[in-house]
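Asks: When you get a sec, could you give me coordinates for this:
(2 chains)
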Amino acid sequence: MSSASVAGGRSEKIQIPVSGMTCAACQARVQRALERAPGVTGASVNLMLNSAAVTYDPDVASPQTLVETIRTTGYDARLAPAEQTAFEEQESRDRAHAEEFVDLRRKVIVSGAAGVLAMVLSMPLMSSSSASVAHETHMSRDPFMTWSMQHLSPAVRAVAPWLYEIDPTIITWLLLAITTAVMLWAGRHFYTRAWTAFRHHAADMNTLIAIGTGAAFLYSLVATVVPDFFTSRGVPPDVYYEAIVIIIALILTGNMLEARAKGRTSSALRALVKLQPETARVLRESGGTSAELDIAVTELVQGDVVVMRPGERVPVDGEIISGESGVDESLLTGESLPVRKQPGDRVIGGTINGIGAFRYRATTLGSDSVLAHIVRLMRDAQGSRAPIQALADRVSSVFVPVVMSIAIATFVAWFILAGDGAAIRGFGAAVSVLIIACPCAMGLAVPTAVMVATGKGAEFGILIKGGEALQRAGDVTTVVLDKTGTVTEGNPTVTDLVLAPPSAGGSPVWTSADILRLVAAVEMSSEHPLADAIVRYAREQGVSTNAATSFESHVGRGASGVSDGHTVRIGTSQYLEEAAVSTELLRDAAVDLASLGKTAMFVAIGDALAAVIAVADPIRPTSREAIARMRSMGLTVVMLTGDNQATADAIASQAGIDRVVAGVLPAGKVAEIERLQAAHAVVAMVGDGVNDAPALAQADIGIAIGAGSDVAVEASDITLMRGDLSAVADAIQLSRRTMRTMKQNLFWAFVYNVIGIPIAAGVLFPALGLLLSPILASAAMAFSSVSVVANSLRLRRFRAA
Amino acid sequence: MGATEWGVLLLGIAAIAGLNWYFFVAPARGGVTVADDEGSGKVVIAVKGGYDPSLIRVKAGRPLQLVFDRQENNSCSEEIVIPDFGIRTFLPAFKQTTIELTPKAPGRYPFTCGMSMLHGTIVAE
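Replies: Model (predicted):
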């Protein structure tokens, strides 16, 4: 089940599975109860589907209240968590592929054995009629037939000479029986499916196989039942039974391998879905004492306290209330080291607890959980199409009728242009054209690669939104990094507080503590990360503050406010100068701090300069190496920051970045990306996704980094679960590899058909005397679609450098 | 070229013309179904070597429930793709699968099988 969109306005729609309904009366009862429930504007209960479709006002009712309403009628209802439905979909898909595989394997074994038998039986037939000149010219040109006549026939004659004593008519009838049985049993679905498609004016792979083998069968049938029809026209009454059986066996083999390989393309999604444990141990009050109780995850409610023991898998998302431990989040984030968790920290469902024990409160459940988000994102991604597929789609939709037309034209051309025995050769060539054509390879080329690549990405904690994102990420030439939180830890801390010299014009001399108190009072009202650092620092220093009485913020420049009757200004040199405060006395100190990569902020109290506060945000330990890797991949790396040039240059040189754009206001990031795009760069913007949303959206590829728990970053095309720039390099590398695979697949699929069909039609016959038998054509066809899937599966071996 | 050759040539041309007409020109037999205006906007589509009905007329902006009733296990029809809504969903054999969507703007929204060989269209008016 998939819900693509909901009605606009204050109305939402939901499907709730209802169990226990057995009759129309039950259905009516549930429906009435729902219709009477507050906030419900429409309800339709379906007995056959065991579900209720409810339209409701989300302000008044919620899915939970609707479930409660249904339960009051005595029937059971449960909201299916999204990952559960994804799981069910995956399960039914896997089951279908497994059943298909088992069924096909049985048919392959039987038809393969029948094929070998038919081949052996037809040896005496061929040698008995090899005196015929017409037959000789038509068969001997085929490489496979030539080989089998030369090597197989003598062997058969040596082992079973009695076979050559049997009346050829009897053998022919025996072959007819075997072939009919194989066609009706193993090949039945080709014909029934071709027919149902035909009735819908549609044609698919089955149509080609059905017509190809069907025509060969009819021809052979006539040759067996009324051989005079051919002999009277000077044509030997050859039969193609062994070819039909072997073609069916080979195509079934291809389908069987394809069914298995297709199942493997979604193995990553399957692995993710299985991360969700089925039960949780919770603390529940019963009779005054609280007891630990194992319950199903679906029964958990928000606020439940979950008890975690060492080595267990975290069942749902939540916040730790007591205890501590290291949690292995590698399956979700690709981060290999365990993450330390203390009370107040978030834990994510699906991760594995280390050696500690802790208790936590369940916060987000079901479809809101991080794991459910990831699974949904991946499912959507795997279902998306890459633009590169458009051509293949256009070709596929006309492919089969075009191939049938070519087959007819092939026969006509042979009949008219060639000499003796041309009708038979033309017939064989037409059958080969039908059999060799393979539309499946084209249809599988891109989707299988998208599936494997998005799954592989998830293993590395890289969530790719879909085929289009993959394709654009593969073309990226320039990576723009936001400084704070991307190149750096994003956790700025105060490192220096430099006081203004006391000689500053008779104004009162402020102590460090006074300044901190006043500045923190103003910055408490700000949401800027630097402001946060100062407030935190003041608290650590034991300075108590009262909130400022007024506050004004000037984005990218500074802030001002009134605290304890003093006007406090904090910000850039320019900001203070504009307020007629000279910053000259501390300008040298500020330059020194900036050269160390620290951000220096000037503080003025009243009209006088009071201090410079320096805040540093250390670069992430992995940034330098990751940036070097991106540059070795031929990418231009640019860093954007709101900091001044000196600070930005210092950080950039630590990180190994040579292009820096400093002093950029938030709105300026978008302009900077537009400027790069105007210079024909394909830009990937990497940011934390919170402050950078417009820039992420403007870039050709928006990459949100370190999302951790907030996976659903809307503006981003790629979300990195790891707060580590090497994931950016991994993502681009994976996208490039995937694009290469898609192009290989499409090239192979096109070229295969573009070359294979003319050869089968016999264009090489006049020059080289080469003509493919239908048997070789079927082997080529079976191989081509399997090879495309196998090539996509090679992406599973992708390793980040 | 003798009479036989001419005959084969003409027959061949007629056969090619006929089959292309049949697959490309002849209207799909599935025909037209109008989604129920009063009801839930629910349409059941039989999936068996094609889509029946294959043309679905609906009102733009109204939520639509497409119930794909897959009556076969032919792997060709195992997925339904509705590109304009970013939907690619697996259809279990011999089961009904419901897809909900709302065509917001009037227009033609094609849907196909996973390999783009079976075709249908939602027409929002």
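Asks: Please report the distance of the spatially most central residue of chain A from chain B.
Replies: Among the residues of chain A, the one closest to the centroid is residue A:454, at 3.0 Å (CA atoms, centre = their mean). Computed as CB to the nearest CB, to the nearest Å, the residue A:454 to chain B distance reads 12 Å. Bear in mind the C-beta positions are built from the backbone N, C-alpha and C, glycine included.
Asks: Where does that residue sit, in terms of helix or strand?
Replies: Taking DSSP states H and E as the definition, one finds residue A:454 inside helix A:439-459.
Asks: Could you look up the next helix or strand downstream of that helix?
Replies: strand A:462-464.
Asks: could you pull out the strands for the stretch 401-550 of chain A?
Replies: A:462-464, A:478-482, A:493-499, A:550-554 (DSSP state E, counting those that start in this stretch).
Asks: In CSV, list these along with distance to chain B.
Replies: As requested, the strands of the stretch 401-550 of chain A are exported to CSV (distance: least, CB to the nearest CB, whole Å):
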stretch, distance to chain B
strand A:462-464, 14
strand A:478-482, 27
strand A:493-499, 43
strand A:550-554, 39
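Asks: Out of the ones you listed, which gets nearest to residue B:65?
Replies: Nearest to residue B:65 among these is strand A:462-464 (29.3 Å), distances taken as CB to CB.
Asks: Can you tell me the SS state at the nearest residue to residue A:330 once chain neighbours are set aside?
Replies: Spatially, and ignoring its direct neighbours in sequence, residue A:330 is nearest to residue A:336 (5.4 Å; CB to CB, 6 or more residues apart in numbering or on different chains). Secondary structure assignment for residue A:336 (DSSP: H, G, I helix; E, B strand; the rest coil): coil.
Asks: Can you tell me how far residue A:336 is from chain B?
Replies: Taken as CB to the nearest CB, the span from residue A:336 to chain B is 32 Å.
Asks: Give me the phi and psi for that residue.
Replies: phi -80, psi -30 (degrees, to the nearest 10).
Asks: ok, it touching residue A:329?
Replies: No - look at residue A:336 against residue A:329 with CB atoms under 8 Å: they stay out of range, at 9.5 Å.
Asks: All the helices of the stretch 301-450 of chain A, residue numbers only.
Replies: Assigned by DSSP state H, counting those that start in this stretch, the stretch 301-450 of chain A shows helices spanning A:330-333, A:370-383, A:390-417, A:422-436, A:439-459.
Asks: Reformat the ones you listed as JSON lines; add mean pLDDT.
Replies: Putting the helices of the stretch 301-450 of chain A into JSON lines (pLDDT from 0 to 100) gives the following:
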{"stretch": "helix A:330-333", "mean pLDDT": "78"}
{"stretch": "helix A:370-383", "mean pLDDT": "77"}
{"stretch": "helix A:390-417", "mean pLDDT": "87"}
{"stretch": "helix A:422-436", "mean pLDDT": "84"}
{"stretch": "helix A:439-459", "mean pLDDT": "86"}
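Asks: wait, what's in contact with the residue nearest to the centre of chain A?
Replies: With contact taken as CB atoms under 8 Å, 6 or more residues apart in numbering or on different chains, residue A:454 is in contact with A:268, A:378, A:381-382, A:464, A:466, A:470.
Asks: again with residue A:209
Replies: Shown in contact with residue A:209 (CB under 8 Å, 6+ apart): A:187, A:190, A:194, A:247-248, A:251, A:434-435.
Asks: try residue A:66
Replies: A:14, A:16, A:34, A:37, A:40, A:52, A:54, A:56, A:77.
Asks: Tally up the residues packed near residue B:67, please.
Replies: Neighbour count of residue B:67, defined by other CB atoms under 10 Å in any protein chain shown: 16.
Asks: Residue A:678 too?
Replies: If we define neighbours as other CB under 10 Å, then residue A:678 has 8 of them.
Asks: Could you do residue A:746 as well?
Replies: Residue A:746: 21 surrounding residues under other CB under 10 Å.
Asks: Where does it fall, secondary structure wise?
Replies: helix A:726-761.
Asks: Could you report the pLDDT at residue 110?
Replies: Here I'm looking at chain A. On pLDDT, residue A:110 comes in at 94.
Asks: let's do chain B instead
Replies: Reported pLDDT for residue B:110: 88.
Asks: before we move on, the earlier item: please flag which of the contacts of residue A:209 sit within helices.
Replies: Members of the contacts of residue A:209 lying in helices (criterion: DSSP state H): A:190, A:194, A:247-248, A:251, A:434-435.
Asks: Now for the residues you listed: which two are most distant?
Replies: Farthest pair in the ones in helices among the contacts of residue A:209, by CB to CB: A:194 and A:247, 14.5 Å.
Asks: Between these two, which is the more surrounded one?
Replies: For residue A:194 versus residue A:247, neighbours defined as other CB under 10 Å are more numerous around residue A:247 (30 against 24).
Asks: For residue 110, which non-adjacent residue is spatially closest?
Replies: No chain in the question, so chain A it is. Excluding its sequence neighbours, the residue lying closest to residue A:110 (CB to CB, 6+ apart) is residue A:186, at 6.1 Å.
Asks: was after chain B, sorry
Replies: Nearest to residue B:110 is residue B:121, by CB to CB, 6+ apart, at 5.1 Å.
Asks: For residue B:13, give me its contacts.
Replies: Per CB under 8 Å, 6+ apart, neighbours of residue B:13: residue A:412.
Asks: State the helix or strand in which it lies.
Replies: Assigned by DSSP H and E, residue B:13 falls within helix B:3-20.
Asks: Using PDB, write out every CA atom in that helix.
Replies: Taking C-alpha atoms only, helix B:3-20 is exported to PDB below (Å, rounded to 0.1, in the frame of the first residue of the first chain):
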ATOM      1  CA  ALA B   3       4.000 -13.600 -59.400                       C
ATOM      2  CA  THR B   4       4.800 -15.600 -56.200                       C
ATOM      3  CA  GLU B   5       7.500 -13.000 -55.200                       C
ATOM      4  CA  TRP B   6       5.100 -10.200 -55.800                       C
ATOM      5  CA  GLY B   7       2.500 -12.000 -53.800                       C
ATOM      6  CA  VAL B   8       4.800 -12.500 -50.900                       C
ATOM      7  CA  LEU B   9       6.000  -8.900 -51.000                       C
ATOM      8  CA  LEU B  10       2.500  -7.600 -50.900                       C
ATOM      9  CA  LEU B  11       1.400 -10.000 -48.200                       C
ATOM     10  CA  GLY B  12       4.500  -9.000 -46.100                       C
ATOM     11  CA  ILE B  13       3.700  -5.300 -46.500                       C
ATOM     12  CA  ALA B  14       0.100  -5.900 -45.600                       C
ATOM     13  CA  ALA B  15       1.100  -7.900 -42.500                       C
ATOM     14  CA  ILE B  16       3.500  -5.200 -41.300                       C
ATOM     15  CA  ALA B  17       0.900  -2.500 -41.800                       C
ATOM     16  CA  GLY B  18      -1.700  -4.600 -40.100                       C
ATOM     17  CA  LEU B  19       0.300  -5.400 -37.000                       C
ATOM     18  CA  ASN B  20       1.500  -1.800 -36.600                       C
END
